[in-house]
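Enquirer: sequence plus predicted model, see below.
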Amino acid sequence: MSESLHNNDLPHHLVASSVGGTVTAIAVCPLDVVKTRLQAQPNPCNRWAFHPSWVEMHAGYQPPPCPPAFQARSSLEAFYLIIRYEGLRVLWRGLTPTLFMTVPGVTLYFTLYEQFSRLFGTPSLAGACARIISVLFTSPFEMLRTYAQAKPQSQGLLTVLPRLVKVQGLSGLYIGVGPTLLRDVPFSAIYWPVFERVRVKLEKRNPNSSPFNTSFLSGAMAGSIAAVLATPADVLKTRMQMSIDSLDQKEIKPQFSRVIAELLHKEGFRGFFRGVTPRVFRIAPACALMISSYDYCKKLLQDFSK
């Protein structure tokens, strides 16, 4: 990791991570909305899907007929449809829970990563442990953000939160926490070693490059690789959270195996990588902005305090 991340100045660390998280959340929110819409929308049956007998045998799932549905076929089309029929502001839907989740979550994550990296000495293990704790802390906000972004007629946070808790209970806020851990823990375990290796190589290749540019490029490359590999778990998380179609009707919480079975039946293996393009386009700049703005802001604070 960059030298600034190993500095023991905790106040600078907290402020820098909060600023970086806020900037990143605002900048990539439209891409997150598009990614969530693509993953949550229904998909007609196709030739890549599995035979129903396989589904029934392994998960007891009785596949319903696949209804025809109009849907976005690409990220650009999703952008166009959202802006045309719902307005530009919808691209920042879910920003409030995102900020509530990002600022304390990123601050906690970076703080824990710094401590664990000193304790364990390996980026993979430190990143995985830090991510587990931060996911458990931010999962309720993730649930509210995903619901707000995926539902075209979704209501505000102050309306959704009490209704969801009243109908589903507090455990409803943790729907999809399993797939979230399955997505974010490997992501962190992949991201940090790749980031470190790429950063070192870039510094050797171009020693005159600014630390901001080096961190930006390293974060983008590491984030892209980790995002692709963790996409299947991200799709499962979204589908599980979107299984609550109505906040006014108490429904059985989704089983992980049934969600997998339904996805395999309707879309096959390709369904596990639905939304991978907007996910990479979101994660790459998010990681780049986060780590570079974090390093830059912390350096400014350190220079100012001297």
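Expert: On my side now, so go ahead. Numbers count the residues shown, from 1 in each chain.
Enquirer: what's the helix or strand where residue 99 lies packed up against?
Expert: Per DSSP states H and E, residue 99 falls inside helix 95-120. Judged by 3 or more C-beta pairs under 8 Å, 6 or more residues apart in numbering; DSSP states H and E, the packing partners of helix 95-120 are helix 10-40, helix 123-150. Backbone N, C-alpha and C define where each C-beta goes, glycine included.
Enquirer: can you say which of the ones you listed is nearest to residue 274?
Expert: Across those, residue 274 has its closest neighbour in helix 10-40 (5.3 Å, C-beta to C-beta).
Enquirer: which parts of that closest one are buried?
Expert: Going by neighbour count (16 or more other C-beta atoms under 10 Å), the buried part of helix 10-40 is 12-13, 15-25, 28-40.
Enquirer: stretch 194-210 now?
Expert: 194-196, 198-199, 202.
Enquirer: redo these as JSON lines? Include distance to residue 116, secondary structure and pLDDT.
Expert: Formatted as JSON lines, the buried residues of stretch 194-210 follow (distance: C-beta to C-beta, whole Å; DSSP: H, G, I helix; E, B strand; the rest coil; pLDDT from 0 to 100):
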{"residue": "194", "distance to residue 116": "17", "secondary structure": "helix", "pLDDT": "94"}
{"residue": "195", "distance to residue 116": "15", "secondary structure": "helix", "pLDDT": "94"}
{"residue": "196", "distance to residue 116": "14", "secondary structure": "helix", "pLDDT": "90"}
{"residue": "198", "distance to residue 116": "21", "secondary structure": "helix", "pLDDT": "94"}
{"residue": "199", "distance to residue 116": "19", "secondary structure": "helix", "pLDDT": "92"}
{"residue": "202", "distance to residue 116": "25", "secondary structure": "helix", "pLDDT": "93"}
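Enquirer: and of those, the nearest to residue 133?
Expert: residue 195 (19.8 Å).
Enquirer: thinking that closest one is in contact with residue 219, fair?
Expert: Yes. At 6.2 Å, residue 195 counts as touching residue 219 under the criterion of C-beta atoms under 8 Å.
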